[in-house]
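A.B. asks: Predicted coordinates and the sequence they were generated for:
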Amino acid sequence: MRGRVLVIDDDRKLCGLLSAYLTSSGFEVGTATTADEGLRQVKADGPDIVVLDVMLPGMDGFEACRAIRRSSSVPIIMLTARGDVTDRVVGLELGADDYLPKTFST
């Protein structure tokens, strides 16, 4: 395996598509559909990278990014439909390593 990827996104279909693509590329993939579930997996599984949606139910991705950064330096790619510059700057200032707007090409 090339590494462990954790995808945190409430869109189950997108999680499935990303998981299938990344798995076929040799990655081990975990998924979570809420920020709380994702934070538990970050602590328990120690992924090599996190793909984190911004618009999650309950705790949003910005707050989840803050929480991850309090205990981990794992790379975080923010994945969101909110692609305006202000949202990108906020995500990057909170500790995200990159910002990928939906829709995207694998």
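C.D. replies: Right, received. Where do you want to start?
A.B. asks: Pull the residues that contact the worst-scoring helix or strand of the chain on mean pLDDT.
C.D. replies: With mean pLDDT, DSSP states H and E as the measure, the helix or strand of the chain carrying the lowest mean pLDDT is helix 85-93 (a mean of 77). For helix 85-93, the external contacting residues (C-beta atoms under 8 Å, 6 or more residues apart in numbering) are 54, 61-62, 65, 78, 80, 99. Placement of C-beta: from N, CA and C, glycine included.
A.B. asks: And the residues you listed, which is the shakiest by pLDDT?
C.D. replies: Among the contacts of helix 85-93, residue 80 has the lowest pLDDT, at 78.
A.B. asks: Can you give me every residue that contacts the closest residue to it other than its chain neighbours?
C.D. replies: Nearest residue to residue 80, sequence neighbours excluded (C-beta to C-beta, 6 or more residues apart in numbering): residue 54, at 3.7 Å. Residues near residue 54 by C-beta under 8 Å, 6+ apart: 60-62, 78-80, 82, 87, 91.
A.B. asks: picking up where we left off before, relative to residue 11, which of the contacts of helix 85-93 is nearest.
C.D. replies: residue 80 (10.9 Å; C-beta to C-beta).
A.B. asks: Does that closest one touch residue 53 like I think?
C.D. replies: Yes: in this structure, residue 80 is within contact of residue 53 by C-beta atoms under 8 Å, at 5.9 Å.
A.B. asks: can you give me the helices for the chain?
C.D. replies: Using DSSP state H, the helices of the chain run over residues 12-24, 35-45, 61-71, 85-93.
A.B. asks: Of these, which is nearest residue 105?
C.D. replies: helix 12-24 (10.7 Å).
A.B. asks: Give me the contact list for the closest one.
C.D. replies: Residues outside helix 12-24 that contact it (C-beta under 8 Å, 6+ apart) are 5, 7, 9, 29, 31, 33, 51, 102, 106.
A.B. asks: Flag the least confident of the residues you listed.
C.D. replies: For the contacts of helix 12-24, the pLDDT minimum is residue 106, 71.
A.B. asks: Pull the contacting residues for that one.
C.D. replies: Per C-beta under 8 Å, 6+ apart, neighbours of residue 106: 18, 21.
A.B. asks: any idea how far it is from residue 96?
C.D. replies: Using C-beta to C-beta, to the nearest Å, residue 106 is found at 20 Å from residue 96.
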